[in-house]
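# Below are the sequence and a predicted model for it; my questions follow.
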Amino acid sequence: MKILKKVGFFRELYYGNADGESIFKFVHKGANYNIDKVSNYLKKGVVLMISPQITEDILSDERKKIGTLCIQTDGIWAWPSDLTYYTLNYNILLPSEFIEYMANNNWIIKNDIDIFSLAF
């Protein structure tokens with residue numbers, strides 16, 4: 001099994017990594033990427049898992065509903081579906097290794113990903 005690299009599982013999120021980094025460290029840091037290309041890439045990730053839980057915007061006072069939580073992948077990286085929202089609305093800084101991987105693949109996710117061979 002291939003172990004996926006994780007991005008966007010900030011400790012403040014109910015599904016986040018409790019020992020992970022704070023989302024506040026990455027908010028409005030000036031995107032190190034083309035927001036449109038990255039958000040389109042994130043939206044097109046293959047669904048690895050779906051949760052019945054609805055995610056909320058933890059950075060707003062209104063706690064706006066974002067949508068159903070899915071874990072998506074490109075076969076190398078895994079991210080929560082609301083990472084797209086935080087990228088578009090809060091200019092979240094993403095790891096340069098992840099940006100380079102997307103760019104090196106021309107912002108296209110392969111459609112032949114075997115999710116059963118991946119470990120999350």
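Received it, and whenever you're ready, just let me know what you need.
# CA only for contacts and neighbour counts going forward, please
Noted.
# how about the strands of this protein, start to end?
2-3, 5-6, 46-56, 65-73, 77-80, 118-119 (DSSP state E).
# Columns mean pLDDT and distance to residue 94 on top of these, output as TSV?
Compiled in TSV, the strands of the chain are given as follows (pLDDT from 0 to 100; distance: least, C-alpha to C-alpha, whole Å):
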stretch	mean pLDDT	distance to residue 94
strand 2-3	94	20
strand 5-6	98	11
strand 46-56	94	19
strand 65-73	96	15
strand 77-80	98	11
strand 118-119	93	22
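# and among those, the most buried is which?
Each of the strands of the chain was scored by mean neighbour count; the highest is strand 77-80, a mean of 22, by mean count of other C-alpha atoms under 10 Å.
# Spatially central residue in the protein, please.
The residue lying closest to the centre of the chain (C-alpha atoms, centre = their mean) is residue 79, at 3.3 Å.
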